[in-house]
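>>> My questions are about this predicted structure, shown below with the sequence.
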Amino acid sequence: MKPVCVLGNGQLGRMLRQAGEPLGIAVYPVGLDAEPEAVPYQKSIITAEIERWPETALTNELEHHANFINRDIFPLLADRLPQKQLLDELHLATAPWQPLTSAEQWPELFNQLGEFIIVKRRVGGYDGRGQWRIHPGDEQQLPAEIYGECIVEQGIPFSGEVSLVGARNRQGDCVFYPLTHNLHQDGILRMSVALPNPPEALQQLAEDMLSKILNKLNYIGVMAMECFIVGDKLLINELAPRVHNSGHWTQNGASISQFELHLRAILDLPMPKPNVCQSAVMVNLIGTEIDIKWLSLPLVHLHWYEKEVCPARKVGHLNLVHNNHQALQKSLSTLSPLLDEAYQYPIKWALEKLS
């Protein structure tokens, strides 16, 4: 099988490499500043763990590589403006939105979108960065340089957040995991819960929406679609053209992880629908030192990224998987005192999802 080069050498590239090892697939996560001659890209399939990258000798070389899968899709989805325009073109529901080009727009924006507006940088804003929550009067505090660089969205009173992770191969076949319930704090994913049998109507709606996007783009590989639940409808919040944080539970909770599924799709390997027969909880470890006592709990699977621990940095995650919700709840309750205060509400939220 052909080797795979991953543009980016963070935790997603690391987990793609780990997923390739049992299949005999050589996966090379590559730093953006690597010298092209040091990277075995000529005979490799190229993928990426990030949506956007700076101009370097390596990225300039890879831009012309015929085997860079989804090469032209990354810049489209990395910019929220063309991403929103794509969703509008496909008649897929999102929060009402507008480009933000000048400060003179604000009276009309409040008139059209209401008195709670989210400002988001078109590129680069993620994990709560590059975003502002604005009520009338707050707009005066925004930095002047954001105009022309942002979109605005209507603040939506949603009842929950879910994501759908799915994959499409070159032949147009699509497979999906069950919807994942997500809890964010300060814009960063803190906890995910995936149940093997989500509500059928909501699952089908999400699959139809993501299928439409994958097929329109002729996309190959794993993509994640984050949505708000509003009544019995879904509003698409964001798309991620890569393996995704909210799909990490699949490493221990599915017969094929999202990382292996991505490799199968881009390498034209068989891509059956992953089997999910147990519930799973993923705890994102953010700015948290490793604690070996986590491993005293038999349901806990630790995935540590070996990164320097800094505030707001994702340094690892814990997966807990079982077909008995009481067993999962007991394990989460035992885990609770081994985590700091920031995790106490997310654990309570997860316990309610499992009740």
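Happy to help now that I have it. Numbering: from 1, shown residues only.

>>> After the helix or strand bottoming out on mean pLDDT in the chain, which helix or strand is next?
When the helices and strands of the chain are scored by mean pLDDT, DSSP states H and E, helix 57-62 comes last with a mean of 89. Beyond helix 57-62 on the C-terminal side, the first helix or strand identified by DSSP states H and E is helix 73-78.

>>> What lies in contact with that next one?
48, 51, 52, 82, 83, 86, 123, 217, 219, 239, 240, 241 (Cβ atoms under 8 Å, 6 or more residues apart in numbering). The C-beta positions use only the backbone N, C-alpha and C, and glycine is treated the same way.

>>> Keep only those of those that are in helices.
Among those, the residues falling in helices (DSSP state H) are 82, 83, 86, 217.

>>> Please verify my assumption that residue 225 contacts residue 244.
No: in this structure, residue 225 is not within contact of residue 244 by Cβ atoms under 8 Å, at 9.1 Å.

>>> neighbour-wise, which of these two wins?
Remark: of residue 225 and residue 244, residue 225 carries more neighbours, 27 against 22, as counted by other Cβ atoms under 10 Å.

>>> For that one, give me its contacts.
Here residue 225 is in contact with 163, 164, 166, 206, 209, 210, 213, 236, 238, 239, 240 (Cβ under 8 Å, 6+ apart).

>>> Nearest to residue 189, out of the residues you listed: which one, please.
For the contacts of residue 225, the closest approach to residue 189 (Cβ to Cβ) belongs to residue 163, at 9.0 Å.

>>> thought that closest one was touching residue 228?
No: with contact defined as Cβ under 8 Å, residue 163 does not count as touching residue 228 (10.7 Å).

>>> Look at these two and report which has more neighbours.
Remark: of residue 163 and residue 228, residue 163 carries more neighbours, 25 against 19, as counted by other Cβ under 10 Å.

>>> Who does that one form a beta bridge with?
Beta-bridge partners recorded for residue 163 (DSSP bridges): residue 180, residue 226.

>>> which residues sit in contact with it?
Counting by Cβ under 8 Å, 6+ apart, residue 163 has contacts 179, 180, 182, 192, 224, 225, 226, 227, 244, 246, 247.

>>> Quickly note the distance from it to residue 175.
15 Å (Cβ to Cβ, to the nearest Å).

>>> got it, and residue 80?
Distance from residue 80 to residue 175, by Cβ to Cβ: 27 Å.

>>> Between those two, which is the more surrounded one?
Of the pair residue 80 and residue 175, residue 80 is the one with more neighbours under other Cβ under 10 Å, namely 22 against 19.

>>> and that one, backbone torsions?
Backbone torsions for residue 80, taken as degrees, to the nearest 10, come to phi -60, psi -30.

>>> cool, and residue 39?
Dihedral angles (degrees, to the nearest 10) for residue 39: phi -110, psi 130.

>>> quick one, what contacts the spatially closest residue to it that is not a sequence neighbour?
Spatial nearest neighbour of residue 39, excluding adjacent residues (Cβ to Cβ, 6 or more residues apart in numbering): residue 30 at 5.2 Å. Neighbour list for residue 30: 5, 6, 7, 8, 9, 13, 39, 41, 58 [criterion: Cβ under 8 Å, 6+ apart].

>>> mind listing the helices for this protein?
11-20, 57-62, 73-78, 80-89, 106-113, 200-217, 250-253, 258-266, 325-335, 344-353.

>>> end-to-end on stretch 136-153?
End-to-end distance for stretch 136-153: 14 Å, by Cα to Cα, to the nearest Å.

>>> Pull the residues that contact that stretch.
Here stretch 136-153 has contacts from 80-81, 84, 94-103, 106, 109-110, 113, 115, 117-123, 132, 134, using Cβ under 8 Å, 6+ apart.

>>> how does it look with 6 Å?
80-81, 95, 97-102, 106, 109-110, 115, 117-122 (Cβ atoms under 6 Å, 6 or more residues apart in numbering).

>>> Show me just the buried residues among these.
Buried by 16 or more other Cβ atoms under 10 Å: 80-81, 95, 97-100, 106, 109-110, 117-122, out of the contacts of stretch 136-153.

>>> Go through the residues you listed and name the one nearest residue 25.
residue 80 (32.9 Å).

>>> In terms of pLDDT, where does the spatially closest residue to the closest one that is not a sequence neighbour sit?
Nearest residue to residue 80, sequence neighbours excluded (Cβ to Cβ, 6+ apart): residue 122, at 4.8 Å. The per-residue pLDDT reported for residue 122 equals 94.

>>> measure residue 122 to residue 130 for me?
Going from residue 122 to residue 130 by Cβ to Cβ gives 9 Å.

>>> care to break this structure down by domain?
4-68, 96-154, 160-354 (the TED database).

>>> now the end-to-end length of the second one.
Just to be clear, that refers to domain 96-154. 6 Å.

>>> What is the distance between that domain and the centre of its chain?
Domain 96-154 has its C-alpha centroid displaced from the chain centroid by 23 Å (Cα atoms, centre = their mean, to the nearest Å).

>>> And the first one, by the same measure?
Centroid displacement of domain 4-68 relative to its chain, using Cα atoms, centre = their mean, is 19 Å.

>>> can you list the weak-confidence ranges in the stretch 1-150 of the chain?
125-128 (pLDDT under 70).
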